[in-house]
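Engineer: Below is the sequence, then the predicted model.
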Amino acid sequence: MKDGKPTYEELKAQAAELRLNEERHRNILNSMNDAVFVRLPEGRFLEFNQVACERYGYSRDELLQMTPMDLDVPEHAAMVPARTRMILENGKAIFETVHRTKDGKIIHAEISSRPIIYNRKQAILSIVRDVSERKLMQKNLEEAKAELEKTTEQLLHAQKMEAIGNLAGGMAHEFNNIIATISGTAEMLLRITGPATAGHSKAEQILKSCRRAKALTSKLLTFARKEKLRIKTTSLNVIIAEVVEILKGTISKNIRIETELSADTWHVAVDANQMIQALLNVCINACDAMPDGGLLKIQSQNIERGGKQTGAGGAGPGRFCAVTVSDTGKGIDKDIREKIFDPFFTTKERNKGSGLGLSISHGIVRAHDGFIRLERTGKNGTTFKILMPAAEPDAPSSETAPEEKPSKKAGGRILVIDDDRDFLQMAQEALEMEGFDVTVSQSGREAVEKYGKHMDEIDIVVLDMMMPEMSGSDVFHSLREINPSVNVVLCSGYSIEGAATHLLNDGALSFIQKPFDISELSEAFSKILRGGGKE
């Protein structure tokens, strides 16, 4: 140093040291995996590393003319949760934003910034990390979590409905056994009392009450999905037309019915009576939501779902016929929407609703492998949608007619097997009044032994499906081992659909639902004996 000033050699050494430091700093910056920017407080970039140029697609000269606002995507601000914006002490900050590259690619950026001195100027150093893959993983995880929660909720609901369904089915079975005994006894009273007697009118009143009880247990069985389905192919437009005709004679004149039916709807394989009941329940609920009048609109259309998409009530890919029921009523309160398909849930006044309407519709639709859901509700009304799997027009019925067999005898000898003693007594007396020779058995094992000894004296076996020790299925197969051509008529308070179907396919002649009219039962037996007796 000379005269207090650095010499040329010293200046040359300092410049070399400065260049070396700059090179070290640049090497450090360029060795980082994240983009690094140095900018003035007002925004313009002063320095950046090679990663920044490569990631955003701009040249060095271009970036030197830009600010962070040139990289930001304002319309994507909503994509950044507020909790990711944190201002720390001493001007430090950590936040997320969304950037756009030169070629239009969107980058989710996590930025950590702090104030620094750069070339003797106040500046801000920002380290920008591309978290797009992490965001995608988070999104996928959130979607998977939501789907899992939805599936779990559906599973829990299905288990709850199954448990309630089993309870309802068991209750209906027991009620039907009791009603069968009462109604059969009442029929016998009608036969032995004169029309003008008090006993005759009392018996008629008993039968009337039995029919009401039978209708209630039928609803319970439908909800429990244990009612036998009589499947045939038809158009949903035909079912809609039947429902509209029923509604016209029952609902308020202030409610206008409008239909919008697709002319080329695919066929569906359904029990028409049950589907009419299911759709009628939904429509009646819609009408009840419009006490001052309004519009009930019913639409039909074809829907084809592809891929893995999931729609109404969990419907996956496939061809569906859809029925949409809309009203202009008051809507459904948010806090009860999850309960609308639950059995016995109702918002109606006492004695104005059983709470079974929508739950029965749900049971019927699901029993046909269909789907039903609340599509929309609000102050402008409510919309329900039902999706039913499409079927070919010529799809065969699920019921097979019993094979006609020539009759050898005009008389009828019947073995009735049931574990209910009161029912057996009633059945024996009633059928003997009809002219049949009747033998009864309260035990499956006893019945098999009895049939083995007297098979030549028995034309028809009436078999209860639900019995202790030996089930109806076990008794049936034991009888078939004794006599492969045995005439068996299944009888139960409810049908365990799978078991009954298997036995019908294995050779049982028919299924009779308790309670039944003795006269109808007698005619059914006579028909079997005329055209389907033992060979």
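Structural biologist: All right, it came through fine.
Engineer: Show me what the longest helix seen in the chain packs onto, helices and strands only.
Structural biologist: Longest helix in the chain, counting residues (DSSP state H): helix 132-192. Under the contact definition 3 or more Cβ pairs under 8 Å, 6 or more residues apart in numbering; DSSP states H and E, helix 132-192 sits against strand 106-118, helix 198-223, helix 421-433, helix 518-531. Using the backbone N, CA and C atoms, a C-beta is placed for each residue, glycine as well.
Engineer: Just give me the neighbour total for residue 250.
Structural biologist: When neighbours are defined as other Cβ atoms under 10 Å, residue 250 has 10 of them.
Engineer: how about the helices in the stretch 201-350 of the chain?
Structural biologist: Read by DSSP state H, counting those that start in this stretch, the stretch 201-350 of the chain holds these helices, from start to end of the chain: 236-248, 272-288.
Engineer: quick one, the shortest one and helix 272-288 angle?
Structural biologist: Taking axes from the mean of the first three to the mean of the last three Cα atoms, to 10 degrees, one finds that helix 236-248 is oriented at 50 degrees with respect to helix 272-288.
Engineer: In PDB, list the C-alpha atoms belonging to helix 236-248.
Structural biologist: Listed in PDB are the C-alpha atoms of helix 236-248, where the atom choice follows Å, rounded to 0.1, in the frame of the first residue of the first chain:
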ATOM      1  CA  LEU A 236     -90.000 -48.300 -16.700                       C
ATOM      2  CA  ASN A 237     -92.400 -46.200 -18.800                       C
ATOM      3  CA  VAL A 238     -95.100 -48.800 -18.200                       C
ATOM      4  CA  ILE A 239     -94.500 -48.700 -14.500                       C
ATOM      5  CA  ILE A 240     -94.500 -44.900 -14.500                       C
ATOM      6  CA  ALA A 241     -97.800 -44.900 -16.300                       C
ATOM      7  CA  GLU A 242     -99.300 -47.200 -13.700                       C
ATOM      8  CA  VAL A 243     -98.100 -44.900 -10.900                       C
ATOM      9  CA  VAL A 244     -99.400 -41.800 -12.500                       C
ATOM     10  CA  GLU A 245    -102.900 -43.400 -12.900                       C
ATOM     11  CA  ILE A 246    -102.900 -44.300  -9.200                       C
ATOM     12  CA  LEU A 247    -101.700 -40.800  -8.200                       C
ATOM     13  CA  LYS A 248    -104.400 -39.100 -10.200                       C
END
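Engineer: Need the three-state assignment for the closest residue in space to residue 443 that isn't next to it in sequence.
Structural biologist: In space, and not counting its chain neighbours, residue 443 is closest to residue 469: 6.8 Å by Cβ to Cβ, 6 or more residues apart in numbering. Remark: residue 469 carries the secondary structure label coil [criterion: DSSP: H, G, I helix; E, B strand; the rest coil].
Engineer: Make 8 the first number, not 1, from now on.
Structural biologist: From this message on, residue numbering opens at 8, which makes the last subject residue 476.
Engineer: Next, give phi and psi for residue 516.
Structural biologist: phi -70, psi -40 (degrees, to the nearest 10).
Engineer: what about it, how many neighbours?
Structural biologist: By other Cβ under 10 Å, the residues close to residue 516 number 21.
Engineer: hang on, it packs against residue 494?
Structural biologist: Yes: using Cβ atoms under 8 Å, residue 516 and residue 494 qualify as a contacting pair, with a distance of 5.7 Å.
Engineer: Between the helices and strands packed on helix 139-199, which one is closest to residue 366.
Structural biologist: Shortest separation from residue 366 across those is recorded for helix 205-230, at 5.3 Å, computed as Cβ to Cβ.
Engineer: Could you give the average pLDDT over the closest one?
Structural biologist: Per-residue pLDDT over helix 205-230 has a mean of 75.
Engineer: again with stretch 457-468
Structural biologist: Per-residue pLDDT values over stretch 457-468 give a mean of 92.
Engineer: a markdown table please, covering the helices and strands packed on helix 139-199 and showing mean neighbour count.
Structural biologist: What follows is those, written out as a markdown table (neighbours: other Cβ atoms under 10 Å):
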| stretch | mean neighbour count |
| --- | --- |
| strand 113-125 | 16 |
| helix 205-230 | 17 |
| helix 428-440 | 17 |
| helix 525-538 | 17 |
